[in-house]
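**Q** Fold the following for me, if possible:
(one chain, ligands or ions: 2)
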Amino acid sequence: MTRTWWKEAVIYQIYPRSFNDGNGDGVGDLRGIIEKLDYLQHLGVDVLWLSPVYASPNDDNGYDISDYRAIMSEFGSMADFEEMLDGIHRRGMKLVMDLVVNHSSDEHEWFQQSRSSKDNPYRDYYFWEPEPPNNWIAFFGGKAWEYDDTTGEYYLHLFSKKQPDLNWENPKVREEVYELMRFWLDKGIDGFRMDVIPFISKRLDWPDINLNDFGSAMRDVYANGPRLHEFLQEMVRETLSNYDAMSVGEAPGVPRDLAKLYVGEGRGELNMLFHFDHMTLDWGPKGKFDPKAWSLPEFKQIFTDWHEAMGDDGWISIFLDNHDFPRMVSRWGDDSDYRMESAKLLATLLLTLRGTPSVYQGSELGMTNVAYEDFADYRDIESVNAIREAQERGADSAQLLQILHRVSRDNVRTPMQWNSRSHAGFTEGEPWIRVNPNYTEINAEAAVADPDSIFHYYRRLLALRKKHLTLVYGEYEQLDGGSDWLYAYRRWDEEATFLVFLNFSGKEQSVPVEVPEGAQPFFGNYPVPDAGTLRPWEAQLWKLA
Ligand code: TEU
Ligand code: CA
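**A** Ligands and ions are numbered 1, 2, ... in the order given. Predicted coordinates:
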């Protein structure tokens, strides 16, 4: 397998609005990020991925862009951006920006022009139809075709109605995208995370979707369109191939058997992708607001299947949470009795699989979901729309709150918890979204001061991963025979063999897999490991040879 810097790197995702407020207006910003670069360097991550920082009316917190070449005024100026980029590079880290080009904001000049008349030169930058050609629904509720009375036609938006989908069939649109990518690459950024990139090529036969099977709608209709790979190859040829930059595609709707088309090494498309199989594991037939139970055997199988599907030709990025999904410790661990142990166990999983790990801000502190008791505390458009629709239906409020506590994207958008002072040290003003009340206990200052903290566990394991490339490139084999509490696997190459045992339960258990003679305890979340026994949420790494 070819060695590259982005396979060996660890990504850290910053959600700027919630990371650190530098000027006391209650909104995180670029100066706030600059203040924390030493913290990130100390943690030992390599690549900072910034959720969008471009000009935006913030219907979807920056995922609705009105000017791709300007910094959002709330976040600062281009000079701040350049200072931040320089500070990142001086510390030996890299910067990856979010590329959101499936759609723009409706306030972007292109859409303003496009909607103004049927013969405007920008008309074909978006999709306009005299009548909705299908039953598509938008991710944030309601129908995907919105009537616009200026010209009496409907435009397509797979997300909010303030996020009209760009028409990639139009070569001018593609050229605009490549130009803006070059604009940022020429400034010296190190790559892009590409938002819903599998959605950019539309099925122009406009088939209906099955409204009771959102998973197949994503896979067969919204994603993987007919010209997708042609577009990606063209994009890479025109932009990334001329720079030493990385790309990671957000890939909802991309199944394992299509993944190589995106990331196969000779394809000239993406370096890696974020698949969604584990993220949708607990979605019911109607999607995330229809949650169902998940099981450990299925969860593990997803990692094993993806490892096998990629083999030695293709790469993925491993993530257990991000700005769209619940906190990993609340979702896959135990955020009450064993928060510390289970957060460390999940860190072990995240950092010892084959794939580039992506750590979401605050997970290195074991930050948890939030449980707002008041609907008015929710900020995310997806939650706010879901609340409105549920109330219109006359849904039970208590039950609705329970679902939000479990699935709302605001769970991961509460301010970063820096210290135990007011507003968790995030801002000197009023935060735009309420702080999680557990900040007095869970915060960076306390974690950095405590050698046994989750923070230092990440830091040490990150350093070990750098040193032992077996943990990056090595083979992988699952060893637990489908146990419902144990996840056990082997990682190996010519240099070394590692065994990883993870107890996904709050009970002490005896391990059915033998630790071979001569194996040394290598790392773990309890002081001294006992071969053959795992304590509650214990993670053990053993090294052979
Ligand atoms: O997310 C795409 C996506 O598939 C999400 O809608 C996901 O299914 C949802 O967030 C689960 O609740 C990307 C961005 O990551 C997200 O923040 C944006 O809102 C979305 O695209 C639109 O740009
Ligand atoms: Ca601010």
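
**Q** Return the list of helices and strands in contact with the helix or strand hosting Asp86.
**A** Taking DSSP states H and E as the definition, Asp86 sits inside helix 78-90. Contact partners of helix 78-90 among helices and strands, from 3 or more CB pairs under 8 Å, 6 or more residues apart in numbering; DSSP states H and E: helix 30-35, helix 37-43, strand 67-71, strand 94-99. For every residue, glycine as well, the C-beta is placed using N, CA and C.

**Q** Please state the offset of the second one from the chain centre?
**A** Taking the mean C-alpha point of helix 37-43 and that of its whole chain, the gap between them comes to 20 Å (CA atoms, centre = their mean, to the nearest Å).

**Q** Likewise for stretch 44-53?
**A** Averaged C-alpha coordinates place stretch 44-53 at 11 Å from its chain's average position (CA atoms, centre = their mean).

**Q** Please apply the same query to stretch 314-327.
**A** 4 Å.

**Q** close to ligand 1, is it?
**A** Yes. Contact check for stretch 314-327 against ligand 1, using CB under 6 Å from any ligand atom: residues in range are His323, Asp324.

**Q** that older thread, return the set of buried residues in the helix holding Asp86.
**A** Neighbour-count burial for helix 78-90 flags Asp80, Phe81, Met84, Leu85, Gly87, Ile88 (criterion: 16 or more other CB atoms under 10 Å).

**Q** and the helices and strands packed on helix 78-90 as CSV, adding distance to Ile318?
**A** Written out in CSV, the entries for those read as follows (distance: least, CB to CB, whole Å):
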stretch, distance to Ile318
helix 30-35, 24
helix 37-43, 17
strand 67-71, 29
strand 94-99, 16
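
**Q** Quick check: beta-bridge partners of His103?
**A** Taking DSSP bridges, one finds Asp165 as the beta-bridge partners of His103.

**Q** Tell me if I'm right that it and Lys162 touch.
**A** No. Here His103 lies out of contact with Lys162, judged by CB atoms under 8 Å, at a distance of 9.2 Å.

**Q** quick one, which of those two is more surrounded?
**A** Using other CB atoms under 10 Å, the more surrounded residue of His103 and Lys162 is His103, with 27 against 22.

**Q** which stretches of the stretch 151-300 of the chain form strands?
**A** Secondary structure of the stretch 151-300 of the chain by DSSP state E, counting those that start in this stretch: the strands cover 153-156, 191-194, 246-251, 272-275, 283-284, 287-291.

**Q** re earlier: looking at the helices and strands packed on helix 78-90, which is nearest to ligand 2?
**A** Closest approach to ligand 2 among these (CB to the ion): helix 30-35, 6.4 Å.

**Q** Kindly present the strands of the stretch 151-300 of the chain as a markdown table, with separate columns for distance to Ser116, mean neighbour count and mean pLDDT.
**A** Compiled in a markdown table, the strands of the stretch 151-300 of the chain are given as follows (distance: least, CB to CB, whole Å; neighbours: other CB atoms under 10 Å; pLDDT from 0 to 100):
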| stretch | distance to Ser116 | mean neighbour count | mean pLDDT |
| --- | --- | --- | --- |
| strand 153-156 | 12 | 20 | 98 |
| strand 191-194 | 29 | 25 | 98 |
| strand 246-251 | 32 | 26 | 98 |
| strand 272-275 | 37 | 25 | 98 |
| strand 283-284 | 39 | 16 | 90 |
| strand 287-291 | 35 | 17 | 89 |
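
**Q** got JSON lines for these, with distance to Ser453 too?
**A** Supplementary listing: the strands of the stretch 151-300 of the chain in JSON lines, determined by distance: least, CB to CB, whole Å:
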{"stretch": "strand 153-156", "distance to Ser453": "47"}
{"stretch": "strand 191-194", "distance to Ser453": "28"}
{"stretch": "strand 246-251", "distance to Ser453": "28"}
{"stretch": "strand 272-275", "distance to Ser453": "27"}
{"stretch": "strand 283-284", "distance to Ser453": "33"}
{"stretch": "strand 287-291", "distance to Ser453": "31"}
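
**Q** what about those, which gets the closest to Leu40?
**A** Of all these, it is strand 191-194 that lies closest to Leu40, at 16.8 Å by CB to CB.
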